[in-house]
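Undergrad: Here's a sequence, model it:
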Amino acid sequence: METRFGQVVLGPPGSGKTTYCKAMARMLQGLGRKVAVINLDPANDAVPYEAAADIQELVQVEEVMAMQGVGPNGALVFCMELLEANMSWLINKLKQFPKHYLIFDFPGQAELYSHHTMVRSILSALEKEGARLCAVYLVDSHYANDPGKYISAVMLTLNSMLMMELPTVNILSKVDAVEKYGSLDMGLDFYTEVMDLDYLLDYLGDAPGTRKYHKLNKAMAEVVTDYSLVSFLPVSVESHSTLLSAMKAIDKANGYIYGTGEERNIQRLLSCAVGAEWEHERIGVPRDTFMRDEEKEEEENEDNFESVLEMLARQNQKP
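TA: Next comes the predicted model:
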């Protein structure tokens, strides 16, 4: 198989992987790229995009559950092991789409990436066939509203990064709903840059039932901080600019930005080397677009309070 570039979309259930695949494919096609989206989630039988290859042609979760007498998680493990043993099927499917940019939509069960090696073996087999891949790990932004969930999500992200052995771009998805469940304890950059997590321990310690786990929480926070590998890009599928920022980061990670020809390679390498990514380019747009401005809210609340006082004063002046 010829050299081709692509991204492997991973993340826990409900993080928006399939929606992201559809939005990213649509944007890349709008930029003139040939895109092939491959559904490797045997439990996803209603994909919103046109799949170039679908693992359900090879195996289905319902059939495995019925024949093997296992639950959905066990069936997914069986399906991935079956795909690992039948990589020729997937490679032959990909050969039908030459010169296409590849997007792989994987299932969301965490144990596939944190405890088993079949997904890593599948990706290694694809790389041996000439695929230049980047892992894209999605985490739902609503986890940032809960310090415990956020630390757990970051730990799982770090685990997956180490297990997959691929260049990785981590994405804080659904950032347009980041404050749907309340204001964040810290600024958005704290959660995207994964700064010193010790600051979150104070908020975590206030929660009932977690005080006795303070040492454990502190140890987990130190693991993440000591590795210093995890950071996130805020992305909303409704925002073209955030998808474009993610595309640029992914193209750098998998090497697409450097091109295939030597001359083009050098030109892009130089243009990439002299370019600087400012803080506003990473989180400025989602912060300005989707985050509430506390100062403006305070001003509005003060104006509303004064309006109420004026109304009460007028009512009291009436005979």
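
Undergrad: check contacts around residue 44.
TA: By Cβ atoms under 8 Å, 6 or more residues apart in numbering, the contact set of residue 44 is 18, 105, 107. The C-beta positions use only the backbone N, C-alpha and C, and glycine is treated the same way.

Undergrad: That one in helix, strand or coil?
TA: coil (DSSP: H, G, I helix; E, B strand; the rest coil).

Undergrad: Over to the one 3 residues further on?
TA: Secondary structure, three-state DSSP: residue 47 is coil.

Undergrad: Check residue 12 too.
TA: coil.

Undergrad: hang on, it packs against residue 108?
TA: Yes. In this structure, residue 12 is within contact of residue 108 by Cβ atoms under 8 Å, at 5.4 Å.

Undergrad: Residue 256: what's it in contact with?
TA: Residue 256 touches 5, 101, 132, 250, counting by Cβ under 8 Å, 6+ apart.

Undergrad: can you rerun that using 10 Å?
TA: By Cβ atoms under 10 Å, 6 or more residues apart in numbering, the contact list for residue 256 reads 4-7, 33, 101, 132, 134, 247, 250, 268.

Undergrad: same check, this time on residue 195
TA: By Cβ under 10 Å, 6+ apart, the neighbours of residue 195 are 186-187, 189, 225, 231.

Undergrad: so which of those residues is the most crowded?
TA: With neighbours defined as other Cβ atoms under 10 Å, the most crowded of those is residue 231; it has 17 neighbours.

Undergrad: So in this protein, where's the weakest helix or strand by average pLDDT?
TA: helix 262-274 (a mean of 49; mean pLDDT, DSSP states H and E).

Undergrad: Show me the strands in the stretch 51-200 of the chain, by range?
TA: 53-54, 101-105, 131-140, 168-173 (DSSP state E, counting those that start in this stretch).

Undergrad: Please work out which of those is packed deepest.
TA: Ranked by mean neighbour count, the strands of the stretch 51-200 of the chain are led by strand 168-173 with a mean of 26 (mean count of other Cβ atoms under 10 Å).

Undergrad: could you say what helices and strands that strand packs with?
TA: strand 4-10, helix 17-30, strand 131-140, helix 147-164, helix 188-193, strand 232-234, helix 240-254 (3 or more Cβ pairs under 10 Å, 6 or more residues apart in numbering; DSSP states H and E).

Undergrad: Mean pLDDT lowest where, among these?
TA: Mean pLDDT is lowest for helix 188-193 out of these, coming in at a mean of 86.

Undergrad: For that one, buried residues please.
TA: Buried residues in helix 188-193, counted by 16 or more other Cβ atoms under 10 Å: 188, 190-192.

Undergrad: Can you tell me which of those residues is nearest residue 76?
TA: residue 191 (29.2 Å; Cβ to Cβ).

Undergrad: picking up where we left off before, any idea which of the strands of the stretch 51-200 of the chain gets closest to residue 114?
TA: Nearest to residue 114, of the strands of the stretch 51-200 of the chain and by Cβ to Cβ, is strand 131-140 at 11.7 Å.

Undergrad: about what we covered before: okay, the helices and strands packed on strand 168-173 in JSON lines with distance to residue 218 next?
TA: Putting those into JSON lines (distance: least, Cβ to Cβ, whole Å) gives the following:
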{"stretch": "strand 4-10", "distance to residue 218": "28"}
{"stretch": "helix 17-30", "distance to residue 218": "31"}
{"stretch": "strand 131-140", "distance to residue 218": "21"}
{"stretch": "helix 147-164", "distance to residue 218": "10"}
{"stretch": "helix 188-193", "distance to residue 218": "17"}
{"stretch": "strand 232-234", "distance to residue 218": "22"}
{"stretch": "helix 240-254", "distance to residue 218": "31"}
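
Undergrad: how close does the spatially closest residue to residue 84 that is not a sequence neighbour get to residue 197?
TA: In space, and not counting its chain neighbours, residue 84 is closest to residue 118: 4.5 Å by Cβ to Cβ, 6 or more residues apart in numbering. Separation of residue 118 from residue 197 (Cβ to Cβ, to the nearest Å): 31 Å.

Undergrad: Comparing these two, which shows the higher neighbour count?
TA: residue 197 (21 against 18).

Undergrad: separation between the more buried one and residue 40?
TA: Taken as Cβ to Cβ, the span from residue 197 to residue 40 is 32 Å.

Undergrad: now residue 163
TA: Residue 163 is 17 Å from residue 40, by Cβ to Cβ.

Undergrad: same deal with residue 100?
TA: Residue 100 is 16 Å from residue 40, by Cβ to Cβ.

Undergrad: buried residues in stretch 248-258?
TA: 248-258.

Undergrad: Low-confidence ranges, the stretch 201-319 of the chain, go.
TA: Within the stretch 201-319 of the chain, the set of residues satisfying pLDDT under 70 comprises 205-210, 259-319.
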